[in-house]
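# next input, structure requested:
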Amino acid sequence: MKLQLFKTLPVALAGLLIGSVASAQESPATSTTFRTWSIGVNAGVLTPLSPLGGKNDFSNNKSSFGYGLYIKKQFTPYFSLRLDGVRGKLKGDNTEPYESGAVNNSPVRAFDTQLSYSGSLSAVVNMFNIDMFKKENTLQLYASAGAGIAGYKPTITTATGTSLFAGDKNINELIIPVGLGAKFKISDAVNFDLGWTINFVDGDNLDGYYKGGNDKYNYAYAGLEFALGSGKQLAFHNPVALTYDEALKAKQTAEGLKSELNAQKADNAKLRAELNDILKDTDGDGVADKLDKCPDTPAGTVVDGSGCPLKTPEKVVEKVIVTEEDRKVVNEAIKNLEFDLGKATIRPKSYASLNRVAALLIQKNFSLKLAGHTDNTGSKELNLRLSKERAESVKAYLVSQGANASRIEATGYGMGQPIASNKTAAGRQQNRRVEFTLY
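The predicted model follows:
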């Protein structure tokens, strides 16, 4: 991956520079004053994955708040260089299976990475002008690519607890940001900016779990850009429109072309009206009125190709029966379940009864709810986390013995639901439990 990044980056930047040289030949006259420097601030969502493919290290990637600022220099109406800085957090865990249904049984259950800084220099190319007849456009689409450095601190959670992946220090690695965006001009000095950047990291430490494949993260944002100086913004200037106007004046055919354009617009409006009439769907069932044999179908009704309600067979629900023998297997597992003191590690003496529960789940396809509880020793937050981890530990063991993870729910309740008094050692022992509920 490192070799591919270093091979691809020079080619991409070379292409952007060639485009900027070509557009420089179309630069506006020097007698006009333009704003070429700008600064921007933004905020948005950081997500530790890429929609372009590849398997992520964690099955449940979360979206977190991020923010940034940038400085930009516009060299031509089509090309600029932009220096970005971004901070925020990246999070993920394995509390949910992958979309395929596979369960991620990695030793690292969750991560929380503080993106201390992310600095990059990117070439930005305005892809095209929305309206070639306007000298000043209000909407601009752009693409960007560059390189930079990111510094971050991953915190990981395993079966033994939470810890810093690299100690109390930043990991610094190369990033390759590639992005798209849309910019709306509010005034000659202020723009509204929407953007999306995929950052390819030249390393596999971002989420604190090394699997031999490079990490990546998204940053989708919205913000404001402030153009410095006086005059119009060079980025929204359209030299093509100036050339077009000069050609019209030289041939003295401007009015004729405008008349043809208006006639074409009228024809287009007529065609759109006719098309809307053909596609009109009064009842909103997805079948045009001209083809709808059952008009006025109620909203939400599933219809066939002729617009009539589609009849589907009722779903047969299989009734689950839990016998007394099944409950005995579960009760024995509850009675024999022991953990290391203050930890979520199951002691070996509990394996035999848990194995019988796993076999029961496999054989009868039961669902199982695991509810973790603690006594009132320690803080509320610590007990809530410990109860959750112990329930998750039992679930992980049952899944390792072949049980279906999607049919097992693990929840932690901390010290909030005691079944005995916490004033005695015997009562506290009863309150430290994991309850099993078959259904």
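# could you say which helix or strand holds residue 384?
helix 380-400 (DSSP states H and E).
# contacting residues around that helix?
The contact list for helix 380-400 (Cβ atoms under 8 Å, 6 or more residues apart in numbering) reads 103, 105, 109, 159, 337, 339, 342, 344-346, 351, 354, 357-358, 361, 368, 370-378, 405, 408, 410-415, 434. Where C-beta positions appear, they are placed from N, C-alpha and C, glycine not excepted.
# in PyMOL, how would I select just the buried ones from those?
Burial among these is assessed by 16 or more other Cβ atoms under 10 Å; the matching PyMOL selection reads:
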select buried, resi 103+109+337+339+344+346+354+357+358+361+368+370+371+372+373+374+375+376+405+408+410+412+413+414+415+434
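# where does pLDDT dip in the stretch 51-200 of the chain?
For the stretch 51-200 of the chain, applying pLDDT under 70 flags the ranges 52-55, 128-136.
# assign a three-state SS to residue 258, would you?
Under DSSP: H, G, I helix; E, B strand; the rest coil, residue 258 falls in the helix class.
# ok, how many other residues are close to it?
12 (other Cβ atoms under 10 Å).
# try the one 3 residues further on
Neighbours of residue 261 under the rule other Cβ under 10 Å: 11.
# ditto for residue 363
Residues near residue 363, counting by other Cβ under 10 Å, number 9.
# let me know the next secondary structure element after whatever helix or strand it lives in.
For residue 363, the host element (DSSP H and E) is helix 351-364. On the C-terminal side of helix 351-364, the nearest following helix or strand under DSSP H and E is strand 368-373.
# parallel or antiparallel, list what pairs with that following strand.
Paired strands of strand 368-373, with direction, are strand 408-412 (parallel), strand 433-438 (antiparallel) (DSSP bridges).
# looking at these, which is closest to residue 229?
Across those, residue 229 has its closest neighbour in strand 408-412 (58.1 Å, Cβ to Cβ).
# just the residues contacting the closest one, thanks.
For strand 408-412, contacts defined as Cβ under 8 Å, 6+ apart pick out 361, 367-372, 384-392, 394-395, 398-399.
# any of the residues you listed buried? List them.
361, 368, 370-372, 384-392, 394-395, 398-399.
# tell me the angle the helix holding residue 384 makes with strand 433-438.
Relative orientation of helix 380-400 versus strand 433-438 (axes from the mean of the first three to the mean of the last three Cα atoms, to 10 degrees): 50 degrees.
# just the CA trace of helix 380-400, in CSV.
C-alpha atoms of helix 380-400 as CSV (Å, rounded to 0.1, in the frame of the first residue of the first chain):
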residue,chain,number,x,y,z
LYS,A,380,-21.7,3.4,39.6
GLU,A,381,-19.7,3.9,36.3
LEU,A,382,-17.2,1.1,37.1
ASN,A,383,-20.0,-1.4,38.0
LEU,A,384,-22.0,-0.6,34.9
ARG,A,385,-18.9,-1.2,32.7
LEU,A,386,-18.0,-4.4,34.6
SER,A,387,-21.5,-5.8,34.3
LYS,A,388,-21.6,-5.1,30.6
GLU,A,389,-18.1,-6.7,30.1
ARG,A,390,-19.1,-9.8,32.0
ALA,A,391,-22.3,-10.3,30.0
GLU,A,392,-20.3,-9.7,26.8
SER,A,393,-17.7,-12.2,28.0
VAL,A,394,-20.3,-15.0,28.4
LYS,A,395,-21.7,-14.1,25.0
ALA,A,396,-18.3,-14.3,23.4
TYR,A,397,-17.7,-17.8,25.0
LEU,A,398,-21.0,-19.2,23.8
VAL,A,399,-20.3,-17.9,20.3
SER,A,400,-16.9,-19.5,20.3
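# grab the most central residue of this structure for me.
Centroid-nearest residue in the chain: residue 47, 4.5 Å away (criterion: Cα atoms, centre = their mean).
# name the helices or strands packed onto the strand or helix carrying residue 155?
Assigned by DSSP H and E, residue 155 falls within strand 139-158. Packed against strand 139-158 by the contact rule (3 or more Cβ pairs under 8 Å, 6 or more residues apart in numbering; DSSP states H and E) you find helix 2-24, strand 79-93, strand 110-129, strand 161-164, strand 171-185, strand 190-201.
# out of the ones you listed, flag the one nearest residue 326.
strand 79-93 (31.6 Å).
# ok, back up a step: which of the strands paired with strand 368-373 has the lowest mean pLDDT?
Mean pLDDT values for the strands paired with strand 368-373 show the minimum at strand 433-438, a mean of 89.
# for it, buried residues please.
Across strand 433-438, burial judged by 16+ other Cβ under 10 Å covers 433-436, 438.
# and those residues, which two are furthest apart?
Among the buried residues of strand 433-438, 433 and 438 lie farthest apart (Cβ to Cβ), at 16.3 Å.
# what sits against the residue nearest to the centre of the chain?
61-64, 90, 217-218, 220 are the contacts of residue 47 under Cβ under 8 Å, 6+ apart.
# could you rerun that using 10 Å?
61-64, 66, 90-92, 198, 216-220 (Cβ atoms under 10 Å, 6 or more residues apart in numbering).
# now render those as JSON lines, adding secondary structure and distance to residue 287.
Below are the contacts of residue 47 laid out as JSON lines (DSSP: H, G, I helix; E, B strand; the rest coil; distance: Cβ to Cβ, whole Å):
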{"residue": "61", "secondary structure": "strand", "distance to residue 287": "39"}
{"residue": "62", "secondary structure": "strand", "distance to residue 287": "40"}
{"residue": "63", "secondary structure": "coil", "distance to residue 287": "38"}
{"residue": "64", "secondary structure": "strand", "distance to residue 287": "43"}
{"residue": "66", "secondary structure": "strand", "distance to residue 287": "44"}
{"residue": "90", "secondary structure": "strand", "distance to residue 287": "46"}
{"residue": "91", "secondary structure": "strand", "distance to residue 287": "45"}
{"residue": "92", "secondary structure": "strand", "distance to residue 287": "43"}
{"residue": "198", "secondary structure": "strand", "distance to residue 287": "40"}
{"residue": "216", "secondary structure": "strand", "distance to residue 287": "43"}
{"residue": "217", "secondary structure": "strand", "distance to residue 287": "44"}
{"residue": "218", "secondary structure": "strand", "distance to residue 287": "38"}
{"residue": "219", "secondary structure": "strand", "distance to residue 287": "42"}
{"residue": "220", "secondary structure": "strand", "distance to residue 287": "36"}
